[in-house]
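S.K.: got a sequence here, can you model it:
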Amino acid sequence: MSRLNPKNMNSGDCLNNLVNFGDSNYQPLKDVLKSLEGLLPPEIVSRKDPDPKSVSKIVVSGSASGVFVLPSGYCYEVLSQTLADGSKQDVFPSYSLGLSALQDACNSELDCKHPYILMADKKKLYVPLTFSQTCAARLLQPELLDKWFDTSSGVLYKSEGENVSVKRIKVILFCEQLYTLQSLFNNPYLSMNYDSVLVDGENVFELLVDDTYNCYLEKTVALEHKGLLVAFDNNYVVLEKFCNKVYECGKQTGFFVLEKVGEDQLRAWRVGDDYWSSSLSGDNSLSLNTRFLRVARQKNIP
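M.R.: Sure thing, here's the model as predicted:
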């Protein structure tokens with residue numbers, strides 16, 4: 001099975017791209033991101049074109065005020081497919097197949113508002129919601145709390161040896177290597193050199209794994225957890241709102257990672273369902289069940 005070449009996919013390079021708020025008035029992306037005080041709106045597209053050889057402008061539509069507001073007439077819905085017997089299922093056999101289904105569903109919808117990347121050839125590449133966008137969706141639509149969802153955020157593990165506990169991880173808030181997975185990719189993880197992905201303080205962060213990982217946390221600890229804060233784009237207000245929702249339901253949250261890895265590897269973040277206390281999980285296999293959220297037109301809107 002061929003794999004993407006991580007050497008050509010440095011997430012830090014995205015800061016050199018430009019953000020387009022129309023046909024003019026370009027600003028460096030890092031300046032735009034610093035001006036956002038909340039989560040990116042769901043219609044905001046990603047930070048980097050997946051093809052380094054055909055880098056295009058990153059197009060931003062809608063408000064950049066930091067207020068997480070769905071476009072009028074749209075909602076979040078669970079991506080699903082209709083089976084031969086007419087029934088529907090919302091779990092796909094692998095991350096890559098779920099990704100393909102997401103892109104097919106968005107491409108088939110007129111005036112789709114789901115996040116996308118505008119390619120150099122003007123085609124749209126629709127991408128999964130990030131971890132923080134998925135959590136914000138659950139705050140807006142609490143009925144989504146009873147399902148888990150995969151995201152376009154990733155966790156990169158540094159191998160210390162096959163039988164040595166993981167000590168360092170890098171979290172990638174919007175992970176190009178995930179949203180460009182080939183449709184036939186069916187491995188548990190994507191092999192990637194840990195040192196090939198540079199920490200940039202905007203999209204990539206390094207964390208030290210200590211005893212506050214792989215356990216459920218008291219609310220006061222969760223609110224001060226560096227990993228959880230990074231996962232919420234370093235936005236304490238949104239982290240607090242999310243924790244309030246989880247803990248008022250009598251649940252707890254936590255940051256779960258693999259304890260040991262034999263080689264450096266990338267996996268996707270998953271937001272746990274209410275039963276599993278809405279935890280952040282980075283130990284899931286890319287070759288097993290996957291579920292995504294999508295931005296879709298409300299059914300009662302013509």
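
S.K.: quick one: Lys167 and Ser159 touch, right?
M.R.: No. Using CB atoms under 8 Å as the test, Lys167 is too far from Ser159 to be in contact (10.0 Å). Where you see a C-beta, it was placed from the backbone N, CA and C, and this is true even at glycine.

S.K.: which parts of the stretch 51-200 of the chain are helices?
M.R.: Along the stretch 51-200 of the chain, counting by DSSP state H, counting those that start in this stretch, helices occupy 95-107, 131-140, 176-179.

S.K.: deepest of those, which one?
M.R.: Stretch with highest mean neighbour count among the helices of the stretch 51-200 of the chain: helix 176-179 (a mean of 25; mean count of other CB atoms under 10 Å).

S.K.: name the helices or strands packed onto that helix?
M.R.: helix 95-107, strand 149-157, strand 265-271 (3 or more CB pairs under 8 Å, 6 or more residues apart in numbering; DSSP states H and E).

S.K.: chain center to that helix: distance?
M.R.: Distance of helix 176-179 from its chain centroid, counting by CA atoms, centre = their mean, to the nearest Å, is 9 Å.

S.K.: try stretch 128-145
M.R.: 11 Å.

S.K.: show me what it is in contact with.
M.R.: The contact list for stretch 128-145, computed with CB atoms under 8 Å, 6 or more residues apart in numbering, reads 39-40, 42, 68, 70, 75-76, 78, 99, 102, 115, 149-153, 173-174, 178-179, 231-233, 235, 238, 241-242, 245, 249, 269, 271, 273-274, 278, 280, 292-294.

S.K.: got a ChimeraX select line for the buried ones in these?
M.R.: Selection of buried members from these for ChimeraX, criterion 16 or more other CB atoms under 10 Å:
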select :39,40,42,68,70,75,76,78,99,102,115,149,150,151,152,153,173,174,178,179,231,232,233,235,238,242,245,269,271,273,274,278,280,292,293,294
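
S.K.: from the contacts of stretch 128-145, which ones fall inside strands?
M.R.: 75-76, 78, 149-153, 269, 271, 280, 293-294 (DSSP state E).

S.K.: ok so, going back, so Lys167 and Ser159 - more neighbours on which side?
M.R.: The neighbour comparison of Lys167 against Ser159 (other CB atoms under 10 Å) goes to Ser159, with 15 against 12.

S.K.: tell me the contacts of the more buried one?
M.R.: Val166, Tyr194, Val261, Gly262, Glu263, Asp264, Gln265.

S.K.: ok so, going back, mind putting the ones in strands among the contacts of stretch 128-145 into JSON lines with distance to Lys226?
M.R.: What follows is the ones in strands among the contacts of stretch 128-145, written out as JSON lines (distance: CB to CB, whole Å):
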{"residue": "Cys75", "distance to Lys226": "33"}
{"residue": "Tyr76", "distance to Lys226": "28"}
{"residue": "Val78", "distance to Lys226": "31"}
{"residue": "Phe149", "distance to Lys226": "23"}
{"residue": "Asp150", "distance to Lys226": "23"}
{"residue": "Thr151", "distance to Lys226": "19"}
{"residue": "Ser152", "distance to Lys226": "21"}
{"residue": "Ser153", "distance to Lys226": "16"}
{"residue": "Trp269", "distance to Lys226": "16"}
{"residue": "Val271", "distance to Lys226": "18"}
{"residue": "Leu280", "distance to Lys226": "12"}
{"residue": "Leu293", "distance to Lys226": "26"}
{"residue": "Arg294", "distance to Lys226": "30"}
